[in-house]
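In: Next comes the sequence, and after it the predicted model I'd like to discuss.
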Amino acid sequence: MYFPISHSHISPIYLVIIGFLIGVLGGFFGVGGSFIAGPALRAVGMDWNFAVGTDLAHIVGKSVVAAKRHRALGNVDLRLGLIMAIATIAGAEGGAQLIEMLKRRGNVNYVVSMVSIIIYVSISAFMIWESWKTLRTAKRRNAGGKSSAPHSKADESAFMHVTKAIHSWRVPPMIELPESGVTISLWLIFLVAFIGGLFSGFLGGGAGYIRMPSMVYVLGIPTHLAVGTDLFEIIISASYGTFTHAVKGNVDILIALVMNTGAAVGAQLGAISTQYFAGPKIRLAFVPLPLIGAAIVIYTLLTGHKL
Amino acid sequence: MANTRKTQVQRTLRAFAIELVIYAGLVIGYFFAVLHLLGGWLVQLETQHIRVYALVAIVLIIGQAVVLEAVTTGLMRLLRGGRSE
C-alpha cells in the first residue's frame, strides 16, 4: 500500500501486526513501545524522522484504547496523570534542549548512547532484584500460613521501606491521591514526571520504562495503577509530541491510523491480562523491555546503523 | 476445578478468534472506505496548512481510538455473553 504523506510503500498487514504487538506490550506494561515501533518502521525503509513522528501519533491512539480499558478496570488515577503530564512536557522540552547543547559540542551520539545503556541496564537489574525478592518473601509468608490474595491490586514491594522514607519528605503542598491510596508532596510528583520527560526528550520515545518503575518505587503507586495512569499521562504528553513533530512534517497520520487498528485489539488484550497477574510478577516480566532498548543502542554503537 | 478452568480458557480463546475475524472484516472495510477518502485531503492539508494538519492528525487518531475501543468492547460483550474481560 502506498502512503503518500511519507512516500512509503508498506504492507498494511505488517503495520497492523506491529501495532498489535505494541498494543499488547503497552496495555500490559504501560509503555509506549517506541523501541519496537521505531526499528519496525525503519526496517521497511521509512525515514528516521517520519518513523519517530508517526510512532508518537500511533502511541496516542494505542494509549487512548489501553487507558480507557484500564479506567474501566479502576486502574487510572486521573489527578496524578494530569499533574504528571504538565511536568513531563516541561521535562521533554528540557531533554530536547540538552540534545541541542550536546549537538553543538559534537558528542551527542556517544553521550546519549552511554547514558541510555547505563539507565536501561540499571533499571532491569534493580527490578529483577526487587520483584524476585518480593515474590520470594510472599512465597515464604504464604508457606507460613499468612496467605494474601495473589492477584490483589494492593501492591507489595521489597523496596517499600525506601518508598516510605521518600514519602516522609513532606514539603507542601501535599497532594492527596485517594485512588492510589497515597498522600505525597506535589514536588515529588513533579520531580518524577520531569525526569521521565527529560529522558523522553533526551533518548526519544515515551520513556515509560523509566516512568512506570519510578511511579511504583518512588511515588508508591500500586503497579496496576502505575500502568494505567502512565498510559493516561502518555496520551497528553504524546499528543503534544505528535503536534510538534507534525508541524515539522514528520508525521504520516495514515500509517499511524492503520497501525492503530491492530493496537486497539492488542491494547485491550494487554490491559485485561494485567488482571491475572500480581504487581511483582508484572514488574518481573517488565525486565526484558529496557534490556531490548539497551541491545538496540549497543547494536547502533557497534555497527553505526540506526535501527 | 481444572476442567472448568480449561473450558473457560477454551471459550475465551474461541470468542477471541471469532472476534478477530469480525474485526478483520471491519478493518478491511475501513481501509478502503475511510483511508482512500481521507488520503487526498490529508496530503493536501499536510502540504498547504501544516498546523491544521497537525491538529487534524491528533483529532483523527484519538477519534479512531475511541471508536475502535467501543467496537472491540462491544464485540467482546456480544461474544462473551455480557462481560468484556
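Out: Cool, got the structure.
In: Near chain A, which residues of chain B? Just list them.
Out: Contact residues, chain B versus chain A (CB under 8 Å from any CB of the partner chain): B:16, B:19-20, B:23, B:27, B:30-31, B:35, B:38-39, B:42-43, B:46, B:50-51, B:53-58, B:60-62, B:64-66, B:68-69, B:71-73, B:76, B:84-85. The C-beta positions use only the backbone N, C-alpha and C, and glycine is treated the same way.
In: Write the ChimeraX selection for whichever of those are buried.
Out: Selection of buried members from the residues of chain B next to chain A for ChimeraX, criterion 16 or more other CB atoms under 10 Å in any protein chain shown:
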select /B:16,19,23,27,30,31,35,38,42,43,46,53,54,56,57,58,60,61,62,64,65,68,69,71,72,73,76,84,85
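In: got the buried residues for the helix or strand hosting A:Gly91?
Out: Taking DSSP states H and E as the definition, one finds A:Gly91 inside helix A:78-105. For helix A:78-105, the neighbour count (16+ other CB under 10 Å) marks A:79-81, A:83-92, A:94-96, A:98-99, A:102 as buried.
In: Likewise for stretch A:115-128?
Out: Of all the residues in stretch A:115-128, those buried under the rule 16+ other CB under 10 Å are A:116-117, A:119-120, A:123-124, A:127-128.
In: likewise stretch A:163-183?
Out: Going by neighbour count (16+ other CB under 10 Å), the buried part of stretch A:163-183 is A:163, A:166-167, A:175, A:177, A:179-180, A:182.
In: biggest separation within the residues you listed, which pair?
Out: Greatest spacing in the buried residues of stretch A:163-183, by CB to CB: A:Ile166 and A:Glu179 (19.6 Å).
In: Say whether chain B is contacted by the helix or strand harbouring A:Val52.
Out: Element membership of A:Val52, judged by DSSP H and E, is helix A:48-72. Yes: part of helix A:48-72 sits near chain B under the criterion CB under 8 Å from any CB, namely A:57-58, A:60-62, A:64-65, A:68-69, A:72.
In: got the phi/psi numbers for A:Glu176?
Out: phi -90, psi 130 (degrees, to the nearest 10).
In: Between helix A:48-72 and the helix or strand hosting A:Asn260, find me the angle.
Out: Take DSSP H and E as the rule and A:Asn260 turns out to sit in helix A:253-273. Taking axes from the mean of the first three to the mean of the last three CA atoms, to 10 degrees, one finds that helix A:253-273 is oriented at 30 degrees with respect to helix A:48-72.
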